[in-house]
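Visitor: structural data only, the sequence is not supplied:
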């Protein structure tokens, strides 16, 4: 099969990116001042968009159960708080999470395709995905083959994503680019375009295992890819920055960016997520500060 | 799971004005003292965002200007020109430091008086103004190193007249190099934006700078004319319109006055088909809507390669819709108020001309505040080089968009103007950047960026955009023999 | 009886007669006619500016090294025709010694500026350390078409001293020769014509500066003017006429026969400074230390 007649060849050329220009644009989002009711609403949105995550070698069923409880009871002291959008776990923990969340509306996302490196045979990756879905996963967070991407085999990357999407069927597929490894924004943009055209429902920055992870520059670049795809086709794609977003301020600036690039339509957990393990409590503390007028202490916010 | 789309509006986030100190009435700063204008005339400074009066400003007469020039001459002969250069440097450093300490107050006053968004006065105008003093302070005792080929000497008394678009920054651009080079100064701020120059006078007073080294005389055009025509002034430095620049040139013809002029422009911003397109769109927006387009080097003529023109215009319109227009004191405001009623009328006149010329107009759909002078960001597509709006400087948030096919064509069109202040070039190809940057007849060329300023970077125009440079080593030249 | 030579003017690499068809007789100090010289007109100014504008692109973009070669060639050609210039200088009142000295100094001055052609840029340019992630540099560029009114009191060295820094800097020139001492100007045009200088880079007109200068000073396609030892009235009227397109006007009162009446300062007067910005992309944490 030659490059001229593959599905890959239908992807439009990706625009080049000037990183300094991106940094300046991002700095503008960071000067947005979110106060009063806008801040309350924003913080609440952030909570509802979190994919509460544990992805460690030492994850145990109990750890996952505890996290699932927290996912449903963020801060019971305060009424009217949303739950997080989903929990995100390894395939081996999906069944545990399914059991723990029962009929809650919180989704279960499973990483797959030999997360985090993606360095496994294609067949293994497919089985990995299949297993997660059969265990009860609602969403699949796959990683792209960065090695192949750097070797110039973009075709391979595309085909792999398309194959995983086929296995997912109606389950939503998030495609992790691992932007910390891709390094340049031009590469991030190309990988975004490949993932979107191969059928990603969401594109996601990082595994959380590599630094830097979800920088605003990277998220900006991916949001622009989503914007261009929407303008061309009318189809919405979701975005999930993951890794490194641990403060309310940064989370709100991410929302500012989503609002100003994609519009309010993306401001729900159907189209935007934060992959994070420690963001929720900082948001809760800021939220309670708004409610009570007092600065908060970590001792009053549970860790699971 | 939240399924409904959230409407999320930013709440007002106003910069506090509680810490600023403004007098109800400002006199003239002459010979280190606050002096009442000789014929006791004052005029009002208006907040263009609310149309409310902020303060009364003294209107200097010929006699007041004469007093200021005499003070400057005396300070030049007796103090400043004979002071050890390293001592001069210390005073300028000290002014810079005091300005930094008052940065927030200066930013708020700049926004109140001129209508520019607080984000810009806080993040751009005021820091750059402070940096300018810092930069030139260090030159004061290194002038001979700057020009080793000649025996350098200061000029004497410099008369400086500045515009309303960057009030404090322009004062810094004028005063700092003049002082560093050993001259004394009589400066006239623009009548609609005198306040930060007067606050600077207070800072200068507090710095202990010897009396008469810097004199600030406020007023209208007649005050400026008195400076230009004063026989004991050695140097005129002017930033403003090309028409007034020409009047000054006529006035000084046949005299020994040295002149530097930083005048108008109609700068071309050129986007090639291989450009980093989203950053180019940002550059277009920054090029024309920064400071409501009140920028002499605004990228007011956009040239887009035809193959990407539709995409660029679509993205540009999309981006324009995310600009926040409104109260300049709101930290989220991107587009503030037009500086004055007169300027708003000028801009509106050009918008009418553009419509009559048959160009397609697009304006941001936002609401305009009920009071104050506001103008929607505006672009005209389907514009020809021969359209009036593509030739004349509008000095407002109005962009003309033209398409081109080849690089030769766009070089010719970009240079096809009496002006030559700045230009922008957007392309991914290095060799193409150098081809364009070397062939564009303009004093500043921004490649893959726009509207960047720095004290170390020389600024100034070719052709009718003026002569002389401000900033950097080259900026010293305007104040030395 | 001598046949009076008729000197033509020099425009666009050609030696036409003036459009006006007028000539005037140049006399020596004892009042004897020595030559017929064109009394050029406004139309000649127009043609000369047109030729200078046309030549500007190629001359200013030619490599600096090549400009230096051409200027050096001029010096060689002038050296080869010393005798003719000495004769003309003497016809116009110089002593033999003074004429010989003037031609030597003229040759030296051309060589001097030939050397500057590819050097002044480095002294006038700068890399500017801006406080952001940009590479920022300033370079000097030629101003454009320069109108020169030759020093009325000098026949050769004045022309050379005013012309060379202008063209060494990549500008093109329209020169109005000294009305009373015009002979060397046209002979020097013959030197230029045989020195590989592209047509139109230098254009030389003879006649009355009072008549032609207003046209030149008002001309909207002239970028700068260069007067030398001009009267106060001429300076003022020129500065006024120059306002319409903001010509740069340089007025100097130098003694061009002085050895020190040369330097980069005369070149820099006809240079514009262009500052260019470009972003510098920084990826990851890599620094120059590795």
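Guide: Everything's here; your move. Remember, predicted model here, so these are calculated numbers, not experimental data.

Visitor: any stretches of chain B with poor pLDDT?
Guide: Scanning chain B for pLDDT under 70 picks out B:1-5.

Visitor: got it, and the stretch 151-290 of chain C?
Guide: Using pLDDT under 70, the flagged stretches of the stretch 151-290 of chain C are C:283-290.

Visitor: got the residues of it near chain B?
Guide: C:223, C:232, C:235-236, C:239-240, C:242-246, C:248, C:263-265, C:272-279 (Cβ under 8 Å from any Cβ of the partner chain). No exception for glycine: its C-beta is placed from N, CA and C like everyone else's.

Visitor: check chain A too.
Guide: Counting by Cβ under 8 Å from any Cβ, chain A sits next to chain B at A:15-18, A:20-22, A:24-25, A:31-39, A:41-42, A:45, A:48, A:82, A:85, A:105, A:107, A:224, A:231, A:255, A:259-261, A:264-265, A:267-270.

Visitor: sitting in helices, which of the residues you listed do you find?
Guide: Of the positions in the residues of chain A next to chain B, A:20-22, A:24-25, A:36-39, A:41-42, A:45, A:48, A:224, A:231, A:255, A:259-261 sit in helices, assigned by DSSP state H.

Visitor: how near is the residue of the stretch 101-250 of chain C found nearest chain A to residue C:42?
Guide: Residue nearest to chain A within the stretch 101-250 of chain C: residue C:133 (5.1 Å; Cβ to the nearest Cβ). From residue C:133 across to residue C:42, the span is 54 Å (Cβ to Cβ, to the nearest Å).

Visitor: how about the strands in chain C?
Guide: C:5-7, C:23-27, C:33-38, C:126-127, C:134-142, C:145-149, C:172-176, C:202-205, C:224-228, C:248-252, C:271-279 (DSSP state E).

Visitor: swap that for the stretch 101-250 of chain B, please
Guide: Listed in chain order, the strands of the stretch 101-250 of chain B (DSSP state E, counting those that start in this stretch) span residues B:157-161, B:184-188, B:214-216, B:235-239.

Visitor: from the contact counts, what lies against the first one?
Guide: Counting by 3 or more Cβ pairs under 8 Å, 6 or more residues apart in numbering or on different chains; DSSP states H and E, the packing neighbours recorded for strand B:157-161 are helix B:62-75, helix B:167-180, strand B:184-188, helix B:221-229, strand B:235-239.

Visitor: can you list the buried residues in the first one?
Guide: When you say that, I think you mean helix B:62-75. Going by neighbour count (16 or more other Cβ atoms under 10 Å in any protein chain shown), the buried part of helix B:62-75 is B:62, B:64-75.

Visitor: same question for stretch C:132-144.
Guide: Here stretch C:132-144 shows C:132, C:134, C:136, C:138-144 as buried, counting by 16+ other Cβ under 10 Å.

Visitor: from the chain's centroid, how far away is that stretch?
Guide: 25 Å (Cα atoms, centre = their mean, to the nearest Å).

Visitor: grab the nearest non-local neighbour of the residue of the stretch 151-290 of chain C found nearest chain A.
Guide: Nearest residue of the stretch 151-290 of chain C to chain A: residue C:279, at 3.3 Å (Cβ to the nearest Cβ). Among residues not flanking residue C:279 along the chain, residue A:20 sits closest, at 3.3 Å (Cβ to Cβ, 6 or more residues apart in numbering or on different chains).

Visitor: surely that neighbour meets residue C:277?
Guide: No. Contact between residue A:20 and residue C:277 fails when scored by Cβ atoms under 8 Å: they sit 10.3 Å apart.

Visitor: more neighbours: these two, which one.
Guide: Higher neighbour count among residue A:20 and residue C:277: residue C:277, with 25 against 19, using other Cβ atoms under 10 Å in any protein chain shown.

Visitor: residues touching that one, list them.
Guide: Listed by Cβ atoms under 8 Å, 6 or more residues apart in numbering or on different chains, the contact set of residue C:277 reads B:444-447, B:449, B:452, B:457, C:130, C:134-136.

Visitor: rerun at 6 Å
Guide: Residues in contact with residue C:277, defined by Cβ atoms under 6 Å, 6 or more residues apart in numbering or on different chains, are B:446, B:449, B:452, C:134, C:136.

Visitor: for it, give the beta-bridge partners.
Guide: residue B:446, residue C:136 (DSSP bridges).

Visitor: neighbours of residue 162, how many?
Guide: Looking at chain A here, since you left the chain open. The local packing of residue A:162 (other Cβ under 10 Å) involves 16 other residues.

Visitor: let's do chain C instead
Guide: Neighbours of residue C:162 using other Cβ under 10 Å come to 25.

Visitor: who's in contact with stretch B:184-192?
Guide: For stretch B:184-192, contacts defined as Cβ under 6 Å, 6+ apart pick out B:68-69, B:72, B:75-76, B:80, B:157-164, B:175, B:178, B:197, B:213-217, B:220, B:223-224, B:227, B:339-340.

Visitor: try stretch C:18-28
Guide: By Cβ under 6 Å, 6+ apart, stretch C:18-28 touches C:9, C:33-41, C:43-44, C:91.

Visitor: out of the residues you listed, which are buried?
Guide: Among the contacts of stretch C:18-28, those classed as buried by 16+ other Cβ under 10 Å are C:9, C:34-35, C:37-41, C:44, C:91.

Visitor: tell me which two of those residues sit farthest apart.
Guide: C:41 and C:91 (25.6 Å; Cβ to Cβ).

Visitor: list the contacts for residue B:134?
Guide: Per Cβ under 6 Å, 6+ apart, neighbours of residue B:134: residue B:96.

Visitor: all the helices of the stretch 1-150 of chain C, in order from the start?
Guide: Assigned helices in the stretch 1-150 of chain C, in chain order: C:42-61, C:64-80, C:82-91, C:96-116, C:120-124 (criterion: DSSP state H, counting those that start in this stretch).

Visitor: now mean pLDDT too, for the ones you listed, in CSV please.
Guide: Converted to CSV, those look like this (pLDDT from 0 to 100):
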stretch, mean pLDDT
helix C:42-61, 97
helix C:64-80, 98
helix C:82-91, 95
helix C:96-116, 97
helix C:120-124, 96
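
Visitor: distance to residue B:385 for these - can I get that in TSV?
Guide: Output for the helices of the stretch 1-150 of chain C, formatted as TSV (distance: least, Cβ to Cβ, whole Å):
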stretch	distance to residue B:385
helix C:42-61	20
helix C:64-80	33
helix C:82-91	49
helix C:96-116	38
helix C:120-124	32
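
Visitor: quick one: which of those is nearest residue B:94?
Guide: Nearest of these (Cβ to Cβ): helix C:120-124, 32.4 Å.

Visitor: helices or strands next to the closest one in the packing?
Guide: Using 3 or more Cβ pairs under 6 Å, 6 or more residues apart in numbering or on different chains; DSSP states H and E, the elements in contact with helix C:120-124 are helix C:264-268.

Visitor: quick one: buried residues of the helix it packs on?
Guide: Buried positions in helix C:264-268, judged by neighbour count with 16+ other Cβ under 10 Å: C:264, C:266-268.

Visitor: ok, stretch A:205-219 next?
Guide: Buried, per 16+ other Cβ under 10 Å, within stretch A:205-219: A:205-208, A:210, A:212-219.

Visitor: same thing with stretch B:152-163?
Guide: Those would be B:152, B:154-163, for stretch B:152-163 by 16+ other Cβ under 10 Å.

Visitor: for stretch B:6-22, same thing?
Guide: Judged by neighbour count using 16+ other Cβ under 10 Å, the buried positions of stretch B:6-22 are B:6, B:8, B:10-13, B:15, B:20, B:22.

Visitor: so, in contact with chain A or not, it?
Guide: Yes. Applying Cβ under 6 Å from any Cβ of the partner chain, one finds stretch B:6-22 touching chain A at B:6-8, B:10-11, B:13.

Visitor: dump those to a markdown table, plus distance to residue C:51 and secondary structure.
Guide: As requested, the residues of stretch B:6-22 next to chain A are arranged in a markdown table below (distance: Cβ to Cβ, whole Å; DSSP: H, G, I helix; E, B strand; the rest coil):
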| residue | distance to residue C:51 | secondary structure |
| --- | --- | --- |
| B:6 | 69 | coil |
| B:7 | 67 | coil |
| B:8 | 66 | coil |
| B:10 | 62 | coil |
| B:11 | 67 | coil |
| B:13 | 63 | coil |
